[in-house]
Structures are given as structure tokens and as C-alpha cells.
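In: structure for this input, please:
(2 chains)
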Amino acid sequence: MSAVFNDIQLSRRSLLKGIGALAGLALTVGMDGIVMAADAPKFGGDGMPGGLKDNALLFVSIGADGVVTIVAHRSEMGQGVRTSLPMVVADELDADWSRVRVVQAQGDQEKYGNQNTDGSRSMRHSFGPMRQVGATARLMLETAAAARWKVPVGEVEAKNHELIHKPSGRKFGYGDVAADAAKLPLPARDSVRLKTPQQFRYIGKDSTRGIDLHDIVTGNTQYGIDTRLEGMVYAVIARPPVYGGKLATVDSSEALKVPGVIRVVELKGSPPPALFNPLGGVAVIARNTWAAIKGREALKLTWDNGPNASYDSAEFRKTMEAAARQPAKAVRNAGDTMAALAKAPRRIEAEYYLPHIAHATMEPPAAVARITGGKCEVWACVQAPQATRETVAGHLGLKTEDVTVNVTLLGGGFGRKSKPDFAAEAALLSKAMNGAPVKVTWTREDDIHHDYFHTVSVERLEAGLDANGKVSAWLHRTAAPTIASIFAAGAKGEAPFELAMSAVNIPYAIPNIRVEAPEVEAHTRIGWFRSVSNIPHAFAVQSFSAELAAAAKRDHRDYLLELIGPARKINPSEMADGWNYGESPERYPLDTGRMRGVIELATAKAGWGRKLPKGRGLGLAVCYSFVTYIAAVVEVEVNDEGEVKIPRVDIAVDCGPSINPDRIRSQVEGACIMGISLAMTGEISFKNGAVEQSNFHDYEVLRAFAAPAKIDVHIVPHTLDVPLGGVGEPATPTIAPALCNAIFAATGKRIRQLPIREQLKKA
Amino acid sequence: MPTLTINGKQHNVDLPEDTPILWTLRDQLGMTGTKFGCGMALCGACTVHLDGEPIRSCITPISAAAGKKITTIEAIAEDKVGKSVQEAWMALGVPQCGYCQAGQIMSATALLRTTPNPTDKDIDDAMSGNICRCGTYTRIKAAIKQAAAQNGGAK
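Out: Purely as a prediction, here's the structure:
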């Protein structure tokens, strides 16, 4: 039985140990310590810390006025979860959406079940429980109405916010019996009847208006950075420019002269591993953010840059390339790849490079904390409220239950806000200010300099082709610093969950497949970025597949379908993937039929094979990511100056049944933009240990003029017997390879390193 | 003590004259609809109107607003064009996280007030100073066209 290796469990288990270490317990966290025990595997939401909860009384309350209040226990960061999960409840409850109010749950995993809003899991894991919640509440209303009318409950039907006694036509509003219903015992789970899909009012339709839409367009929303409390002061922090560095000297005399500056506070850093700990540094606390920023500019600081002071991206690339050119330990080994390569009449090899990238959420990290009576209350834009509680509690020496986390809206997340280091900063500063409410705001420079960066990687691929151009052997060496390094200092080489994102689990019908993972060290904080290791792996694998098609002089689509082979369901463990996004390998096999399906759909919609004028091309890529299948076809136009335009992108999505189709489309459109962004300009580089970029002028992200004229998202329909896939992340990794394959089709130039930036420009 | 006229109301502000309008709105006056994104006029999240012109409030000091009228997202619905932009934004489900959208709406409203029937290039030129990291650009462009059509700009 394979070990369940779950990234979030990894984070939490290690985090707890890290916090234990903070509290003075001597603990050594090794890789063994962060691999879950192999006994009694649990999958999906059941395998997450805190599991799943479906208690109707916890998630639904109904006022005498009939207003239905539904608790959203996941963080809203643009994916629409504050609409979509309550919409599922409202559907089963047959509530009128215009009379539904949504309140955000505080961080409380024991109460609400797992709240980690990452891994493209919210709907995938909570669809069932949220249906149960809504249907239970409906049954309780029907039961209360039946008792009032003294009729059998079977004669009562809840419909669009009304309870109807079917034989007599008598009616109650939901509010009329809500108080009675709330006093009833929760009905047994198996007595609760779920709707049939034909009865759905909102699920699978585009009719549900976003719960925060009106507030967003009128400026009435509250993000973490918008929190305001009585007596609140404002902080910005000068952090060590190099990860692992610390403050040497500070002269705050000029800073304290800046009007509005109240105090300068030194914050201690934490020894590695990074966990979700603050980086330390010097905080300037002021009467407003601007004064704090001005005060920080006036600080005179020197730093001891520590062990990463020589981290240099160009040098590190050479280190990774050297590692990728040497044999390394196999993490998947089917057949005898080395022997097959040796006898192949033709060998093709290619090496790809992808730099670090930063999340650059439009709302930078920001949090407010206040300490009263030995208890801390936090307001923050966090994806992981429970980890926030635990991190803050650890740093303040409080019990987790003495920390309250109010989850605000998130102005973008993309994985950055899974790490609540900024909330712990606010808590420590509140403590330094005798409990006064302190808001910590990260400036854009702070955000770009001190992110938990997407990894950097060298991907080396080699294939043996037979006389007919068919692949007989596949060797992939992937060298990248691991996310595990933030949980276990010194962890080297990609962890199993990273390799299971499009490196080992390539469902190609090739007899000899070998994947190797050379070890390279991390020299900065590495973190999850929307779709994580799928980005480098899929870029390399999907670019290389197109290179092989070109070498074999074959149409890329036809060749890719042949590589995948016939429709079949593969147990991920057969591909050395013991993770499978935390899902059951039986319930979620890798279905090559569905993978073929999205390729066929995207290429058909894009008009694959159509004649294009000079300088135009179509490029294709496919990816299995977060148990969803995505294929993208990018149409590109490259002019004589080497400037790139994207007239159109067609993306086929097979994520199982669609719950909120418009939000699926919007997530895929957004992932497409983010994919183009990282392909065209996304690069964070290091010199002397520090990040070279600082703001949107040198860390460029895609702007309106460069966006595709058209993004068409084509969703594969499914019934509810197919399990749900992820939506937020999966489309991102297909875009860069599809774009570069299109550039090859248009120009004959093969892009093997990202970003593309000036590579196509004519000198 | 500078006096600012914001959304038709006068405010006396006890801050140094070089304080940006952004932080005055957000920290001093509690009007948090206008967002901080970069502090260098690179992202447009802080866009407000100064006498009807879109400006980046993160680099514009309050001294520059003396005797002028500031309009923010909180009051843009009072403008017919602004309201049509908000309605188009909702109809097409433009926002994802929503953080940049106040700035986007302020820029789009300014565009449509001067150019009721914008071309694709007009839209690109007017909107490329506003970054959306969620990637809502295609819907933003469609919503601007829808608002233009609703206002009788596009035929």
C-alpha cells in the first residue's frame, strides 16, 4: 500500500513540529517525519486534517424574516467559493438566492472541518457535504411545517422558500417555521433525501449571481488590507534582504523624526526551516501606512546576510544543469530505458529552464492583530485559517483556541496566502504594542522580495525513436528545489507529491519510461504557486512531445494521441504516483480516454489543421492536473519584429460535472492569462542572495493590451456519477507549452527557456 | 490643514501635504474602496478621478487636489456612465477576487466619458495601466463594449 503523501498534511504536521520547536521542544524534522503513515489510507476530504463536516445547524440559520444565512467555510480569493458552496446548500434547501446571505466562518477546523483553500479542493471535497447540509435543513423545515399542520411530513414540500402542504395548498414561508425547525433533532443522515439533478435550481446552471459582486463593483468589500479597528496603528517592516539573514545594526533616529511615526520595533527571525514564520527585521509603527513607509525609508540598517548570501540565479542554473546531466535516482522506472535508448536508431534530447516566479496577488499580504486578556484576534486574507491560528499561537505562546482568525476576502491568493507569516508579524507587533491593534501592510516591494517563490527548475528530456518515429524510450530528469525545504531544513530534490504533478504520472504508451530526480538545494523560501510543479513538468513534457512530433515529421495532435495510446484507466500507482492529489486511485484513476477527449475537443473547436497566414501558428498542450483534464490550443501571431499576439485560445476542460459553470469558465480564463503572463515575462532572479526585481516595472505581469482577443472555454459535460475534479489551478500549466508550440508552428523557433521575453525579437 | 472635496463632501485632513491621496482616503477617512497595489502608478488599483480625469492616487499628493474634486468608487454610481459600467461588470460577471476592479471601473468610466464608442485600441490604451492578476481582461473589454452600447455609444 502506498503512502499517502499530501502536501497540506505535510505542511500541517511539520508546522506543528516547528511550533513545538518554538515552544522549546527539541525536535528534529526529517523527511521521514513528514511522510504520512501508510496504515488506513483516507482519501479526498476525509484525508484532510479536520475532515469534512455536514452539520446543517452549523452551516445554516434562518431568521423569522425568512432570510437564509449560510456559512462559507472556505476562503474567497476570486474562485467564487463564497457563492458556489452556499449555492449548493441553497439548491438542496430550495432557497431563493435573493434571500440568501453568506457569512464567513472564522478559522476553526474542529468545527467546520478542513478549511485549507488550496489544492483545487473546495468544491471537489465539499460538494457532497454541502448538499447534505441543504437537504437536511430542507427536511427539518418540512418536518416543522408538518408538525404545525399536524400532517405527515411526506405531504409537505419545500419549494423556492415556501413550504407547501400539497393536499390542501396551505403554505408557510421558511421564516414562519424556522424557529421550530431549529429546535428539532438533526435527522439521521440516511433519512435525508437529496435532489435529483432534474430538480436542481442552481447547480450546473449559470443563474446564480455572485454573492459579493455588487459590493465589489461599488467598493464595499473588506479585504485583509481594508480592516480598520478603533485605535489601530499601522506597520511596515524592513525584512532581511536575503533569506536566512538577520539584522546586524539599526539606527532608527531619523525614522523616529518622520511625522506620524510612533515606534520602531525589532522583530526576531526564526531559524530554518522557514515554515510560516516571520522573517524578522525592523518594523516601523505609525499613525498611517504612508508615515510607516516614510519611516522605513529613513531607517539605517545593516544586515548579516547569512548562508544564502551568494545565491545567484545564473550560477544556480548551471548547478541544476550539471545535476540534470548526471544519472540520478529513479523515481519511476518502467522497462529498461537506458538499454532502449542505447539501441534506438535516433535519440532526441532537450533541456528546459523555468525561473522562479512570484505570486504578486493584487492585494499584497496584510493582516491586523489585537491582543486582549491573553487572547489574540486576527483579521487576515488567509487561505489557511487553521494554520494561521496555530502559527500565531505558537509565536505568542498561546493555546490555539485562544487565537481567533477572521477570514476577510482575499485580493488574490494563488498559494501565497496559504502561508500566514504576515499574520504572525501583526500578532508579534500587537504584543510589542501592549495588545493594541496593529495592521501590517506589505508593500509591493516587500511582496516581490519576500514571497514563498515558485520553484526554479531544469528539466532534461531524452527519447529514443524507432525507424517509424515511434518513441521506444523516455528519460526525464527533473531538478528543482522542493517545497519540502520550508518544512524540513536542507530537504533536497523534489518530493513525491511534486513528482506526481506531471513528471512521473505521464500516461504515455511507451514501453520504457524512466524519471529521475537529482537533488538540488533551496536557497530561498519555496512555496505553492497555482498548479505548482505541473508548471515546469508540463512545460517540459508538452514541449518535448511536440519536438518529438516535429522530429518524426508528424502532426502534433495525432502524435500526442498516439503517445497517450488507447483509452484506458490507469491506476496512478502503476506510474509511481502514490499521491494522486490525495484522491483514491480507484475512484480517480488516470483516464486516458478523458485525456484524449479534451485534446480532441480543444483541437476541433480551434480548427486544428486550418490554413493560417505566414507568421501564425496553432500550438497544443494537455495536462492532468488536480484530477482534472485540460487541453489548450493557442493561436499565435508573430510579426517581423518578433512581437507576439494571441488572437485566440481554446481550452477544453474535463473536471467532472460542472457545479457553477460560469465560475469554471472564469477560472480557466484567468489561469490562461496567468499562464501567458508567466510564459511571456514571469521571472524572479537572485543576485548576492537577494531578489533583483521589486515592483511591476521589472516583474511584469500580463496587461490588457497583451491579453488574448478571445478565450473560449469548452466544458466536457458529465453526470454526477463522475467524481469532481479541481478547477482553480489545472488550466495554468497547459498555456506556456501550448503557446511555445504555437510559436514553433508559426516561426520554426523552439523556446526552451522561460520567460520568452526578448527571445523572438529581431536584433 | 488641506481641505479635500471628495464625492461632493468637504474634508479637513490633518496630514502633511505630500501624503498621497490614496493613504488619506484609506487610513484617515476610512474610504477603503480605493486600493493599494504598487505605490508607483504601475498597476492602477488606486485609480480615482480628479476633476473627472483618472489619476493614480498612490503617487498624487493631497496638495495636488486643492480646489479640485475627487471622485472615488464609492460614488461612481452617481455618474450615469459609472453606473452603466458597474452594471455591465455585474452582468458579465467580470470580477474574480475583485481587488483591482474599483480601479478598473474608474478607468473604464473615464474612458467612456471621453470616448463613448471606443475601439479595441482605445480600450487597450485606456485599460493597460490597470493590472488584473486574476486575468479578467477579456471580460473587462466585453463589459466596456456592453456599457458603451447601453449608453448609445456603440451602434
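In: biggest helix in chain A, by residue count?
Out: helix A:122-149 (DSSP state H).
In: and that helix, which residues are buried?
Out: Under the neighbour-count criterion of 16 or more other C-beta atoms under 10 Å in any protein chain shown, helix A:122-149 has A:122-146, A:148-149 buried. (Glycine included, C-beta is placed from N, CA and C.)
In: again with stretch A:521-533
Out: Buried positions in stretch A:521-533, judged by neighbour count with 16+ other C-beta under 10 Å: A:522-533.
In: hmm, that stretch touching chain B?
Out: No. Stretch A:521-533 is not in contact with chain B by C-beta under 8 Å from any C-beta of the partner chain; minimum separation 10.3 Å.
In: I'd like the average pLDDT over that stretch.
Out: Taken as a whole, stretch A:521-533 has a mean pLDDT of 98.
In: okay, now the domains of chain B?
Out: Annotated domains of chain B cover B:3-75, B:79-150 [automatic domain parsing].
In: any idea how far apart the tips of the first one sit?
Out: Put plainly, it is domain B:3-75. Its start and end residues considered, domain B:3-75 measures 19 Å (C-alpha to C-alpha, to the nearest Å).
In: same check, this time on the last one
Out: Start-to-end span of domain B:79-150 (C-alpha to C-alpha) is 14 Å.
In: re the thing from before, so which of the buried residues of stretch A:521-533 is the closest to chain B?
Out: Nearest to chain B among the buried residues of stretch A:521-533, counting by C-beta to the nearest C-beta, is A:Arg530 at 10.3 Å.
In: can you tell me the closest non-neighbouring residue to the closest one?
Out: Leaving aside its sequence neighbours, A:Arg530 sits nearest to A:Phe414 (C-beta to C-beta, 6 or more residues apart in numbering or on different chains; 4.5 Å).
In: list the contacts of the one you found.
Out: Going by C-beta atoms under 8 Å, 6 or more residues apart in numbering or on different chains, A:Phe414 touches A:77, A:359, A:361, A:529-530, A:674, B:133.
In: how about it, secondary structure?
Out: Judged by DSSP: H, G, I helix; E, B strand; the rest coil, the three-state class of A:Phe414 is coil.
In: and what of B:Ala143?
Out: The assignment at B:Ala143 comes out as helix when based on three-state DSSP.
In: what is the neighbour count of the nearest residue to it once chain neighbours are set aside?
Out: With C-beta to C-beta, 6+ apart as the criterion, B:Ala143 has its nearest non-adjacent residue at 4.1 Å, and that residue is B:Ala88. Using other C-beta atoms under 10 Å in any protein chain shown, B:Ala88 has 26 other residues around it.
In: confirm that B:Ala88 sits in a helix.
Out: Yes. B:Ala88: assigned to a helix according to three-state DSSP.
In: what pLDDT does it get?
Out: B:Ala88 is given a pLDDT of 98.
In: which ones are touching it?
Out: Counting by C-beta under 8 Å, 6+ apart, B:Ala88 touches B:94, B:143-144, B:146-147, B:150.
In: mind putting those residues into a markdown table with neighbour count?
Out: Formatted as a markdown table, the contacts of B:Ala88 follow (neighbours: other C-beta atoms under 10 Å in any protein chain shown):
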| residue | neighbour count |
| --- | --- |
| B:Val94 | 31 |
| B:Ala143 | 25 |
| B:Ile144 | 30 |
| B:Gln146 | 19 |
| B:Ala147 | 29 |
| B:Gln150 | 16 |
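In: now these in a markdown table, with distance to A:Ala178?
Out: Supplementary listing: those in a markdown table, determined by distance: C-beta to C-beta, whole Å:
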| residue | distance to A:Ala178 |
| --- | --- |
| B:Val94 | 35 |
| B:Ala143 | 38 |
| B:Ile144 | 43 |
| B:Gln146 | 39 |
| B:Ala147 | 40 |
| B:Gln150 | 40 |
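In: nearest to chain A, of those residues?
Out: For these, the closest approach to chain A (C-beta to the nearest C-beta) belongs to B:Val94, at 8.2 Å.
In: measure that closest one to A:Val716 for me?
Out: Applying C-beta to C-beta, to the nearest Å, the value for B:Val94 to A:Val716 is 25 Å.
In: what of A:Arg554?
Out: As judged by C-beta to C-beta, A:Arg554 and A:Val716 stand 26 Å apart.
In: check A:Arg346 too.
Out: 36 Å.
In: those two - which one has more neighbours?
Out: Taking neighbours as other C-beta under 10 Å, A:Arg346 and A:Val716 compare with A:Val716 leading, 18 against 13.
In: re the thing from before, got the contacts of A:Phe414 as TSV, with distance to B:Lys121 and secondary structure columns?
Out: Shown next, in TSV, are those (distance: C-beta to C-beta, whole Å; DSSP: H, G, I helix; E, B strand; the rest coil):
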residue	distance to B:Lys121	secondary structure
A:Met77	32	coil
A:His359	31	coil
A:Thr361	29	coil
A:Phe529	33	coil
A:Arg530	31	coil
A:Met674	24	helix
B:Arg133	24	coil
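In: now for those, which sits with the most neighbours around it?
Out: Counting neighbours by other C-beta under 10 Å, the top entry in those is A:Met77, with 31 neighbours.
In: find me the pLDDT at that residue, would you?
Out: On the pLDDT scale, A:Met77 is placed at 98.
In: for chain B, just list every one of the helices.
Out: Assigned by DSSP H, chain B shows helices spanning B:21-23, B:80-91, B:101-114, B:120-127, B:137-150.
In: ok, which of these comes nearest A:Arg750?
Out: Closest of these to A:Arg750 is helix B:137-150, at 27.9 Å (criterion: C-beta to C-beta).
In: show me what that closest one is packed up against.
Out: In terms of contacts (3 or more C-beta pairs under 8 Å, 6 or more residues apart in numbering or on different chains; DSSP states H and E), helix B:137-150 is packed against helix A:661-680, helix B:80-91, helix B:101-114, helix B:120-127.
In: can you put those helices in CSV and add distance to A:Thr592?
Out: Listed next are the helices and strands packed on helix B:137-150 as CSV, based on distance: least, C-beta to C-beta, whole Å:
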stretch, distance to A:Thr592
helix A:661-680, 21
helix B:80-91, 40
helix B:101-114, 40
helix B:120-127, 40
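In: hang on, A:Val636 in a helix?
Out: No. Assessed with three-state DSSP, A:Val636 is strand; it does not lie in a helix.
In: quick one: low-confidence ranges for the chain?
Out: Let's take chain A. Across chain A, residues meeting the criterion (pLDDT under 70) sit at A:1-40, A:763.
In: switch to chain B, please.
Out: B:1, B:153-155.
In: look up how far chain A lies from the residue nearest to the spatial centre of it.
Out: Centroid-nearest residue in chain B: B:Met106, 2.3 Å away (criterion: C-alpha atoms, centre = their mean). Counting by C-beta to the nearest C-beta, to the nearest Å, the separation of B:Met106 from chain A is 10 Å.
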